[in-house]
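A.B. asks: the following block contains a protein sequence and its predicted model.
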Amino acid sequence: MTLTDRALTLVLLHYFGGSGQEWNGTVTALGDTYDCLALTLRGHGGTSDRDGYGGGIETLADDVAVAITDAAPRQYVLVGHSMGGKVALVVAARQPVGLRGLFLLAPSPPTPEPITDADRANALASWGDRAASEDSLRKITRRPLPSQSVARFVEDNLRTTEAVWRWWYESGSRENISEQMDRVAAPVRVLVGAEDPVIPPKVQRREVISRLADARLEVVPDAGHLLPDEVPSIVAAAIRQFGESLTPQD
């Protein structure tokens, strides 16, 4: 992607089982102000698994770092949703040049994600199952979604490779990267749905906010886990406000 000369770029990282298309509405809403680089992580959205996931979350963070280097934004904000939030935290802990802040939506925490053994087993068995994907969407959301968002969620889910599916539920979601959090120097804003059944606000406060030097939490009433689709205008406005709060740097 060729970026313009805008002062700030949004680097957008999607949830597990999603793709860069998750951010289509966000890009439309904010593309007049920011360059937007919506990445699709390996194994998602029809992409290959390449060399696998031997490095865990660090592997995805490496991919993001390469994509940022290739795009060469002047300054950027990492925007990460769910799994993408955990990846963003690893990238930020490396203190890369040009990173101005992190905006995280319902991020997977730096500690192991709170998934019961039964739910983990059910999730592992559901790979490639359309009905299971549709059922998952109903369980994690609290607001009605446009039909195109429903279709995209299901199709992205079905395009996720079995390798990344197994890696996330068996290993990636269990990773503990909390020892890296004291190296996250950029300001962090976290947006979470008040009724998020996956990673509720109390978990975000305990496992994310408390571990970061400059982090603030905003809770969206009557919303679940899929914030960019459930409350797109709130997400766009909050990202814009965060971007405007960052003092320009030469």
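C.D. replies: Arrived safely, thanks for sending.

A.B. asks: in contact with the spatially most central residue of the chain, which residues?
C.D. replies: Centroid-nearest residue in the chain: His81, 2.2 Å away (criterion: C-alpha atoms, centre = their mean). Counting by C-beta atoms under 8 Å, 6 or more residues apart in numbering, His81 touches 13-15, 18, 22, 104-107, 227-228. Quick note: C-beta positions are derived from backbone N, CA and C, even for glycine.

A.B. asks: what sits opposite it in the beta ladder?
C.D. replies: Applying DSSP bridges to His81 gives these bridge partners: Leu105.

A.B. asks: could I get the contacts of His81 as CSV with distance to Leu217, pLDDT and secondary structure?
C.D. replies: Putting those into CSV (distance: C-beta to C-beta, whole Å; pLDDT from 0 to 100; DSSP: H, G, I helix; E, B strand; the rest coil) gives the following:
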residue, distance to Leu217, pLDDT, secondary structure
Leu13, 19, 98, strand
His14, 21, 98, coil
Tyr15, 18, 98, coil
Gly18, 23, 98, coil
Glu22, 21, 98, helix
Leu104, 10, 98, strand
Leu105, 12, 98, strand
Ala106, 11, 98, coil
Pro107, 11, 98, coil
Leu227, 13, 98, helix
Pro228, 18, 98, helix
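
A.B. asks: neighbour-wise, give me the winner out of those.
C.D. replies: Within those, neighbour counts (other C-beta atoms under 10 Å) peak at Leu13, which reaches 32 neighbours.

A.B. asks: I'd guessed that one sits against Leu41; true?
C.D. replies: Yes: here Leu13 reaches Leu41: they are 7.0 Å apart, a contact under C-beta atoms under 8 Å.

A.B. asks: give me the common contacts of these two.
C.D. replies: Counting by C-beta under 8 Å, 6+ apart, the common neighbours of Leu13 and Leu41 are 64, 84, 87.

A.B. asks: surely the last one is within a helix?
C.D. replies: Read it as Val87. Yes: note on Val87: a helix contains this position according to DSSP: H, G, I helix; E, B strand; the rest coil.

A.B. asks: state the helix or strand in which the closest residue to it other than its chain neighbours lies.
C.D. replies: Leaving out its chain neighbours, the residue that sits closest to Val87 by C-beta to C-beta, 6 or more residues apart in numbering is Leu60, at 4.7 Å. For Leu60, the element it lies in under DSSP states H and E is helix 57-71.
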